[in-house]
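J.: Sequence isn't available, so here's the structure alone:
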């Protein structure tokens, strides 16, 4: 691993003074020493996903010494396909990364305002209704790989890949310490767990898991619009959409076009891995032994099994064309995890010199498209509070209090669709779905919706 530290974080200095402090943010100092000047805060970040990299970049710009440790050996070797960043998440990023990184992100993002309104279809492909107009929506969609790579560039040499954390705790002097599987360890003034839904750091703090399976298994893939028939291209249009059927089966279609629908028309800055109009889809089923068995499949076998499963539930071949035309190398399975949507249940520990953020605290299903944005906002909030406080633990306490409210907000939004999908798998829910969708489709036709 390049740049791996030895036994302590004193040997893993970030680029002190690299970039400029975040606008409106004080320099991050631990204490002032009369004879030695300013001692800069040292922060260890566990996890190099979106939240951890955003935090590392923000701390670096604010003048802290930061080290971000990630088990992956390549930031582009990441799960997930695309994420949505609303206006709040974008504003947070503007404070965390340099302006040139923001420009490259905008040039690589697909603008929601350039899309048609979202659609809701039934399992036969009939329109049930449309969402609101998006022309004033500031949100953008971006490939997860692209955003992670840009954030990794912003962190620079302070990102250490291929480091697997084995433990976290405090040393004899009360300093937080992180241990690695290779036998090395680091200490710092503050340790932040940004290590996802299965966070080792959050488990240490909470004394147990901070989330649980949400009852949904997801399957995702990518389908180029050019691989669809002319009729299906016309039906789907340039919009995202959702199809919900009985027995807990649902299909989300996310339209992504960072070329034709670029937020910023600067092709020379484009870094997106998606190079044309594409549907990033997510198939969802209740987490049962039957759907669990599908998680063992891969590629073409998994794609065929998904099409067969939907077919058994009465879905039309027209609706399933987007699955059949998917690139088999992109088809993968994942399980939804969710934390409690009650703020008081999140981060159930006393504030100290070890904390966590993002999915490590408020693991959020992807059904609201807000999880990554919330992690970025967590990162911005922590950097700001550290920069404006002369005492570390009170700053962490204020950050955790705000994060609980932020996490509860995004979880409430994400769990609504999850609960509806699970409801359709009950006897009453399946019957209601079968009865209601033809009525809604007829009403949509009567209103002239197509």
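T.: Arrived safely, thanks for sending. Because the structure is a prediction, the values reported are computed rather than measured. Residues are numbered from 1 along each chain as shown.
J.: where in this structure is pLDDT low?
T.: For the chain, the stretches with pLDDT under 70 are 1-38.
J.: Show me the domain layout of it.
T.: For the chain, automatic domain parsing gives the domain ranges 9-108+143-212+338-415, 112-137+214-336+425-446.
J.: So which residue is smack in the middle of the chain?
T.: Taking C-alpha atoms, centre = their mean, the centroid of the chain lies closest to residue 372, which sits 3.0 Å from it.
J.: isn't it right up against residue 143?
T.: No. Here residue 372 lies out of contact with residue 143, judged by C-beta atoms under 8 Å, at a distance of 11.6 Å. In this view, the C-beta of every residue, glycine as well, is placed from N, C-alpha and C.
J.: hmm, back to that, of the domains of the chain, flag the one that's most buried.
T.: domain 9-108+143-212+338-415 (a mean of 21; mean count of other C-beta atoms under 10 Å).
J.: Now do that one: distance to the chain's middle.
T.: 13 Å (C-alpha atoms, centre = their mean, to the nearest Å).
J.: for the stretch 151-300 of the chain, what spans make up the helices?
T.: 200-206, 230-236, 289-294, 299-312 (DSSP state H, counting those that start in this stretch).
J.: any chance of the ones you listed in a markdown table, plus distance to residue 283?
T.: What follows is the helices of the stretch 151-300 of the chain, written out as a markdown table (distance: least, C-beta to C-beta, whole Å):
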| stretch | distance to residue 283 |
| --- | --- |
| helix 200-206 | 29 |
| helix 230-236 | 16 |
| helix 289-294 | 9 |
| helix 299-312 | 5 |
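J.: What is the subsequent helix or strand relative to whichever strand or helix holds residue 404?
T.: Assessed by DSSP states H and E, residue 404 sits inside helix 392-423. Reading on from helix 392-423 to the C-terminus, the next helix or strand found by DSSP H and E is helix 427-446.
J.: Check which helices and strands that next one is in contact with.
T.: Packed against helix 427-446 by the contact rule (3 or more C-beta pairs under 8 Å, 6 or more residues apart in numbering; DSSP states H and E) you find strand 127-130.
J.: can you list contacts of the strand it packs on?
T.: Contact partners of strand 127-130, identified using C-beta atoms under 8 Å, 6 or more residues apart in numbering, comprise 117-122, 437, 440-441, 444-445, 449-450.
J.: try 7 Å this time
T.: Residues from elsewhere that reach strand 127-130 (C-beta atoms under 7 Å, 6 or more residues apart in numbering): 117-122, 437, 440-441, 444, 449-450.
J.: ok now it, how far from the chain's centre?
T.: Offset of strand 127-130 from its chain centre (C-alpha atoms, centre = their mean): 28 Å.
J.: helices or strands up against the biggest strand by length in the chain?
T.: When the chain is scanned for its longest strand (criterion: DSSP state E), the result is strand 212-224. Judged by 3 or more C-beta pairs under 7 Å, 6 or more residues apart in numbering; DSSP states H and E, strand 212-224 is in contact with strand 278-286, helix 289-294, helix 299-312, strand 332-338, helix 392-423.
J.: could I get the ones you listed as a markdown table with distance to residue 75?
T.: Output for these, formatted as a markdown table (distance: least, C-beta to C-beta, whole Å):
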| stretch | distance to residue 75 |
| --- | --- |
| strand 278-286 | 19 |
| helix 289-294 | 28 |
| helix 299-312 | 24 |
| strand 332-338 | 18 |
| helix 392-423 | 24 |
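J.: and which of the contacts of strand 127-130 is nearest to residue 101?
T.: residue 118 (29.1 Å; C-beta to C-beta).
J.: any idea how far residue 255 is from the closest one?
T.: Applying C-beta to C-beta, to the nearest Å, the value for residue 118 to residue 255 is 9 Å.
J.: Quick check: neighbours shared by those two?
T.: Common neighbours of residue 118 and residue 255 (criterion: C-beta under 7 Å, 6+ apart): 239-240.
J.: returning to what we had before: the residue nearest to the centre of the chain and residue 83 touch, don't they?
T.: Yes. Contact criterion C-beta atoms under 7 Å: residue 372 and residue 83 qualify, at 4.2 Å.
J.: Across the sheet, point out what pairs with the closest residue to residue 163 other than its chain neighbours.
T.: Spatial nearest neighbour of residue 163, chain neighbours left out: residue 69 (4.3 Å); criterion: C-beta to C-beta, 6 or more residues apart in numbering. Here residue 69 sits in beta bridges with residue 46, residue 160, going by DSSP bridges.
J.: if I look at residue 69, how far off is residue 175?
T.: 17 Å.
J.: Which residues are in contact with the residue lying closest to residue 315 once chain neighbours are set aside?
T.: Once flanking residues are discounted, residue 315 sits nearest to residue 123: 4.4 Å by C-beta to C-beta, 6+ apart. Residue 123 makes contacts with 243, 245, 314-316, 319, as judged by C-beta under 7 Å, 6+ apart.
J.: does residue 123 sit in a helix, a strand or a coil?
T.: coil (DSSP: H, G, I helix; E, B strand; the rest coil).
J.: What does it show for phi and psi?
T.: Main-chain dihedrals, residue 123, degrees, to the nearest 10: phi -70, psi -10.
J.: how near is it to residue 300?
T.: Residue 123 is 23 Å from residue 300, by C-beta to C-beta.
J.: What of residue 392?
T.: Residue 392 is 52 Å from residue 300, by C-beta to C-beta.
J.: Could you do residue 193 as well?
T.: From residue 193 to residue 300 the distance is 37 Å (C-beta to C-beta).
J.: Equivalent analysis for residue 145, please.
T.: 22 Å.
J.: do residue 147 as well
T.: Residue 147 is 29 Å from residue 300, by C-beta to C-beta.
J.: what do you get for residue 385?
T.: 49 Å.
J.: Over to residue 57?
T.: Taken as C-beta to C-beta, the span from residue 57 to residue 300 is 39 Å.
J.: try residue 164
T.: From residue 164 to residue 300 the distance is 32 Å (C-beta to C-beta).
J.: What of residue 270?
T.: 30 Å.
J.: same thing with residue 375?
T.: 33 Å.
J.: Specify the beta-bridge partners of residue 280.
T.: Per DSSP bridges, the residues bridged to residue 280 are residue 222, residue 254.
J.: Correct me if wrong: it contacts residue 256.
T.: Yes. Here residue 280 reaches residue 256: they are 5.5 Å apart, a contact under C-beta under 7 Å.
J.: got any residues that touch both of those two?
T.: residue 82.
J.: check contacts around residue 305.
T.: Listed by C-beta under 7 Å, 6+ apart, the contact set of residue 305 reads 294, 297.
J.: For the remainder of this discussion, apply numbering that starts at 43.
T.: Sure, I'll start counting at 43 from here, so that last one is residue 347.
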